[in-house]
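Student: the following block contains a protein sequence and its predicted model.
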Amino acid sequence: MKRIALVLAVAMVMAVFGSGIAAADPINSKNARVFPVTCSNGQTYTVVVAGGNPAHIVGSTRNIIPVEFTVTAIDPETGEDLFSETFSIGQGNRVGLQDDLITCTAVETGEEITFVVSVEAFLTPRGR
């Protein structure tokens, strides 16, 4: 069960936040998913992801570029953490980037498992 849940969690993370260059018009893409994320900079964004692209902030030209994911699977009946995995991607350790990093969280509630995905990321364009 834990292995299946981990595979599903990783697939969900890649579908939710992905990694790559943003699509020109992601909200109209075939496999686009639109959902809210709440971030440590005090903002809640509506984002859209399609394929392996970063999260595009709806109504803007900004993107959320992930550098680290933490996926936690929770039993919705008991509230028990079934597992939690953290993995890094991208270039989050580059000099000068750490001050721009934020943490954003998305929750996907299912019948058997609730996934909480936290991503350490930066916004593009930077400095805005």
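Tutor: The structure has been received and is ready for your questions.

Student: for the rest of this, base every contact and every neighbour count on C-alpha atoms.
Tutor: Will do.

Student: other residues contacting stretch 117-128?
Tutor: Applying C-alpha atoms under 8 Å, 6 or more residues apart in numbering, the contact partners of stretch 117-128 are 13, 62-72, 92, 97, 100-107.

Student: quick check: which element contains residue 78?
Tutor: Using DSSP states H and E, residue 78 maps to neither a helix nor a strand.

Student: how many residues are close by it?
Tutor: Look at residue 78: counted by other C-alpha atoms under 10 Å, it has 7 neighbours.

Student: burial check on the nearest residue in space to residue 118 that is not next to it in sequence, number of neighbours?
Tutor: Take residue 118 and drop its neighbours on the chain: the residue closest to it by C-alpha to C-alpha, 6 or more residues apart in numbering is residue 105, 4.3 Å away. Neighbour count for residue 105, taken as other C-alpha under 10 Å: 18.

Student: now swap in residue 65 and tell me
Tutor: 27.

Student: what strand or helix carries it?
Tutor: Using DSSP H and E, residue 65 sits in strand 63-74.

Student: tell me what that strand is packed against?
Tutor: On a contact count with 3 or more C-alpha pairs under 8 Å, 6 or more residues apart in numbering; DSSP states H and E, strand 63-74 meets helix 2-16, strand 55-57, strand 81-88, strand 114-124.

Student: which element follows the first one toward the C-terminus?
Tutor: Tracing the chain C-terminally past helix 2-16 and defining elements by DSSP H and E, one meets strand 33-39 next.

Student: show me what the helix or strand following that following strand is packed against.
Tutor: Once strand 33-39 ends, the next helix or strand along the chain (criterion: DSSP H and E) is strand 44-49. If you count contacts as 3+ C-alpha pairs under 8 Å, 6+ apart, strand 44-49 packs onto strand 33-39, strand 55-57.
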